[in-house]
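> I'll drop the sequence and a predicted model, then ask my questions.
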Amino acid sequence: MNFRDKIAIIEGFPKEGISFKDITPLIGDGEAFKTLIDEMAAKLRGQGVDYIAGPEARGFIFGVPLAYALGVGFIPIRKKGKLPQETVTITYDLEYGQDTLEVHKNAFPKGARVALVDDLLATGGTISACAKLIELAGGEVVSVDFIIELTELHGRDKLDGYKVESLITYDL
Ligand SMILES: O=P(O)(O)OC[C@H]1O[C@H](OP(=O)(O)OP(=O)(O)O)[C@H](O)[C@@H]1O
Ligand SMILES: Nc1ncnc2[nH]cnc12
């Protein structure tokens, strides 16, 4: 299936100069969404994945059905102040300013094999912070999967040493 046709490109959103890759047509198409999740699950099956983890909000959209398809747990990585139990926290740089992500300290047993999932790799700031969080909490990041990668932003450079895959690439 050609998933690229299901991504809408909105120029100038949320601000001038950004070419926004909108996944809502993809997830709004039941057949395409199911095929995508089934294909991602097939790639991860047999890799000894214990958990899927992903950052809010769009990482949840793909991470939860993927975890369900694999029959493993889902670990939410959330913005500061949203998780009710003791957390591990990381603050990372954005294009302008900083952001903080958290995961529950007790989300998984030490040594768990965790696959990270998000919709899109841009600068790599979000997902490299997620990888560090999982490791700070005692997990092993076994793969990092995206639907979309914006190659000219070189987010992969921040993921050196990890197994990184994306289904659809754009320059920017
Ligand atoms: O590689 P990066 O430069 O870090 O950018 C990628 C991140 O940006 C988007 O999330 P956003 O922060 O817009 O939050 P949302 O999912 O809640 O819309 C996207 O879903 C990724 O998580
Ligand atoms: N160009 C883009 N489109 C959609 N989500 C994004 N997150 C960061 N950059 C993005």
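Okay, I see it. Ligands and ions are numbered 1, 2, ... in the order given.

> contacts, neighbours, all on C-alpha from now
Noted.

> what sits up against the strand of greatest length in the chain?
Ranked by residue count, the top strand of the chain under DSSP state E comes out as strand 140-150. Contacting residues not belonging to strand 140-150 are listed as 49, 111-122, 131, 134-135, 162-172 [Cα atoms under 8 Å, 6 or more residues apart in numbering].

> quick one: list the elements packing against the very next helix or strand once past that strand.
Following the chain from strand 140-150 toward its C-terminal end, the next helix or strand by DSSP states H and E is strand 164-170. Of the remaining helices and strands, those touching strand 164-170 by 3 or more Cα pairs under 8 Å, 6 or more residues apart in numbering; DSSP states H and E are strand 140-150.

> how far away from the center of its chain is the strand it packs on?
The chain centroid and the centroid of strand 140-150 are separated by 6 Å under Cα atoms, centre = their mean, to the nearest Å.

> give the pairing partners of that strand; include direction for each.
Applying DSSP bridges to the sheet, strand 140-150 is found paired with strand 113-121 (parallel), strand 164-170 (parallel).

> give me the nearest residue to residue 137, chain neighbours excluded.
Counting by Cα to Cα, 6 or more residues apart in numbering, residue 137 lies nearest to residue 105, which is 5.8 Å off, once chain neighbours are set aside.

> so how far is residue 136 from that neighbour?
9 Å (Cα to Cα, to the nearest Å).

> one more: residue 165?
Applying Cα to Cα to residue 165 and residue 136 gives a distance of 23 Å.

> tell me which of the strands paired with strand 140-150 is the most buried.
For the strands paired with strand 140-150, the stretch with the most neighbours on average is strand 113-121, a mean of 25; neighbours defined as mean count of other Cα atoms under 10 Å.

> just confirm residue 35 is within a strand.
No: with DSSP: H, G, I helix; E, B strand; the rest coil as the criterion, residue 35 is located in helix rather than a strand.
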